[in-house]
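>>> Below is the structure, and that's it, no one-letter string:
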């Protein structure tokens, strides 16, 4: 049933440096506030609140040293708890690195990763300087050594499925093809996610880690996303793919896979609550509330 | 300077029954979570969380008896604290009833009310059955006796100004004209709110209560509003006026009036955080988080 219990570690991980985008910090805290009460331990990975100072570009990756430090801090918290399962409330997509790496060590080849995302997150610093787009590649053992070093047992390509993806970039398309990673388009998800169910039945997977990048959602209907930035221009985000699913589609997919396999990992990532952020700033400046 | 101090009572008032719209409950709680720390007492007016049951229509007003009960509960909290100033985190617009009525008794004719809102909120049950559209009328002593009974010293029309209003309904237009209430259009607000500054200098006002209905904001840029309901149809809200200002416009207006007069009351109302609401429901249904 994949219910939470006392062996489920809930990790609040307000990492924003992986996307070089400060609002992910509030996004993580707000998810934690909205989530139902935990039945097991709750820990917050120490992350400095955004100060307004730009992140340094270190050897082709924004915030490299702080990201490595946060990955190790998350690892250390997980090792202390030795949980059976982990729920992560991010933060940018990189928050899955240490938790999913640990689950891979713990469950070995029994573990599958279902990556629900518009983007495959398999780039490297050569293609893109923000590590939140590198994390699935790193979990498979590919890409920047500072990230792959945190993955002691890389996950094999046949244990990975990406759902909700469309229109990948050329490098991503090539990576997916070379490694034979299975994918499921938004339309296929809406039609019952048959490719996902087939993967689950063919791949000797016993337990699942699910990464949910909220960017998989249609920004017209769910607006707490990078792509729903108020006042944005059509081409402000380099014409990369934008989400096409709705929350009901995602819940249906997750519901179906979790009746088939036990879920031992779940990440919610890339929550960017524009309105909450702007309200927070507004309240600080209003009489009788700020000051 | 209108800074908060230990004599400022912060009232969290998650009333949703005045708009017959359950998400105002979460909206109030979320505002309270986002607000800077209080320097004075913080109280929450007891409001039943939405249960899904429809509100009864009682003598032409949805939820009449519970609304009266909540107004009296707010009054009783305020009387216990005898604050110099009150900040209210609503909830629907009716949350201003008891706090502003109390300020009117406390400050008498020195008090002015600046109502920052797309709508004048001067209707009665005869025109509209949800009391959040009746509140400014009631504060002036007009409308339903159950509401005006809570207003011991009605505020005179020359002490009232509505800013951000446009395209009022026929009844509202007539009420505004009959009482000679001054108004300031969204365009005038953006141009420096000269009519508001003139009112402040002409009306022997010494202290101000400001009601900020977030509906005054443009729902394309701030989406945690009734009018920004995901998937809404163009005519879903009866073609009533929708907001045209941005947060920066509101902050500029409030900043200008609060350099002229001391602010002793501030309400934030009608926060409807669709994304947070949908996330909250989603998290309940996800493995390792819900259940």
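Noted; the coordinates are in hand. Keep in mind it's a predicted model, so treat the numbers as computed, not measured.
>>> now whichever residue of the stretch 51-200 of chain A sits closest to chain B, nearest residue through space, not along the chain?
For the stretch 51-200 of chain A and chain B, the shortest gap (CB to the nearest CB) falls at residue A:87, measuring 4.1 Å. C-beta: built from backbone N, CA, C; applies to glycine. The shortest distance from residue A:87 to any non-neighbouring residue, by CB to CB, 6 or more residues apart in numbering or on different chains, is to residue B:288 (4.1 Å).
>>> burial of the one you found, as a residue count?
Counted with other CB atoms under 10 Å in any protein chain shown, the burial measure for residue B:288 works out to 26 neighbours.
>>> Please tell me how far it sits from residue A:225.
Taking CB to CB, to the nearest Å as the criterion, residue B:288 is separated from residue A:225 by 22 Å.
>>> Got phi/psi on the residue nearest in space to the middle of chain A?
Note on chain A: the residue nearest the mean C-alpha position is residue A:93, at 3.3 Å, using CA atoms, centre = their mean. Dihedral pair for residue A:93: phi -60, psi -30, per degrees, to the nearest 10.
>>> What does the pLDDT read for it?
According to the prediction, residue A:93 has pLDDT 98.
>>> does it really touch residue A:118, like I thought?
No - contact criterion CB atoms under 8 Å: residue A:93 and residue A:118 do not qualify, at 11.0 Å.
>>> how deep is whatever residue of the stretch 151-291 of chain A ends up closest to chain B tucked in, by neighbour count?
The nearest approach of the stretch 151-291 of chain A to chain B comes at residue A:287, 3.4 Å away (CB to the nearest CB). Here the count is done by other CB under 10 Å, and residue A:287 has 24 residues near it.
>>> which ones are touching the residue of the stretch 51-200 of chain A closest to chain B?
A:4, A:8, A:9, A:10, A:11, A:265, A:266, A:267, B:288, B:289 (CB atoms under 8 Å, 6 or more residues apart in numbering or on different chains).
>>> what secondary structure does residue A:43 sit in?
Going by DSSP: H, G, I helix; E, B strand; the rest coil, the secondary structure assigned to residue A:43 is strand.
>>> Does the nearest residue to it once chain neighbours are set aside fall in a helix, a strand, or a coil region?
Excluding its sequence neighbours, the residue lying closest to residue A:43 (CB to CB, 6+ apart) is residue A:77, at 4.9 Å. Counting by three-state DSSP, the backbone at residue A:77 sits in helix.
>>> Strands of chain A, start to end?
Along chain A, counting by DSSP state E, strands occupy A:8-13, A:42-44, A:57-58, A:61-62, A:85-90, A:111-116, A:160-163, A:182-184, A:207-213, A:262-269.
>>> which residues sit in contact with the residue nearest to the centre of chain A?
For residue A:93, the contacting residues are A:18, A:19, A:117, A:121, A:132, A:133, A:135, A:211, A:213, A:267, A:269, A:270, by CB under 8 Å, 6+ apart.
>>> Was I right to think the third one contacts residue A:213?
Yes - counting by CB under 8 Å, residue A:117 does reach residue A:213; the two are 3.9 Å apart.
>>> okay, those two: which has more neighbours?
Under the neighbour definition other CB under 10 Å, residue A:117 and residue A:213 were set side by side, and residue A:213 has more, 27 against 24.
>>> Give me the pLDDT for the more buried one.
In this model, residue A:213 is scored at 98, pLDDT.
>>> That one bridge partners, please.
For residue A:213, the beta-bridge assignment (DSSP bridges) gives partners residue A:269.
>>> gap between it and residue A:88?
Here residue A:213 is placed at a distance of 12 Å from residue A:88 (CB to CB).
>>> got any residues that touch both of the two?
Listed contacts common to residue A:213 and residue A:88 are residue A:269; contacts here mean CB under 8 Å, 6+ apart.
>>> Show me the one of the strands of chain A that comes nearest residue A:149.
For residue A:149, the closest of these is strand A:61-62, at 13.3 Å, according to CB to CB.
>>> these two touch, right, residue A:196 and residue A:115?
No - applying CB under 8 Å, one finds residue A:196 not in contact with residue A:115, separated by 10.8 Å.
>>> which ones are touching the nearest residue to residue A:141 once chain neighbours are set aside?
Take residue A:141 and drop its neighbours on the chain: the residue closest to it by CB to CB, 6+ apart is residue A:154, 3.1 Å away. By CB under 8 Å, 6+ apart, the contact set of residue A:154 is A:104, A:139, A:140, A:141, A:148.
>>> Please report how far residue A:154 lies from residue A:111.
11 Å.
>>> ok, now residue A:168?
In this structure, residue A:168 and residue A:111 are separated by 24 Å, where distance is defined by CB to CB.
>>> and what of residue A:206?
Using CB to CB, which is the criterion applied here, residue A:206 is 8 Å from residue A:111.
>>> more crowded one of the two?
Residue environment comparison for residue A:206 versus residue A:111 gives the larger neighbour count to residue A:111, 23 against 14, counting by other CB under 10 Å.
>>> Return the residues of the stretch 151-291 of chain A in contact with chain B.
On the criterion CB under 8 Å from any CB of the partner chain, chain B has as its neighbours in the stretch 151-291 of chain A the residues A:210, A:212, A:220-224, A:228, A:230-231, A:247, A:250-251, A:254-255, A:258, A:263-266, A:268, A:271, A:273-276, A:278-291.
>>> Just to check, residue A:47 is in contact with residue A:18?
No - counting by CB under 8 Å, residue A:47 sits too far from residue A:18 to count as a contact (10.3 Å).
>>> shared neighbours of the two, anything?
Residues touching both residue A:47 and residue A:18 by CB under 8 Å, 6+ apart: residue A:91.
>>> ok, residue A:196 and residue A:115, which is more surrounded?
In this comparison of residue A:196 against residue A:115, neighbours counted by other CB under 10 Å, the higher total goes to residue A:115 at 29 against 23.
>>> Alright, I will stop here.
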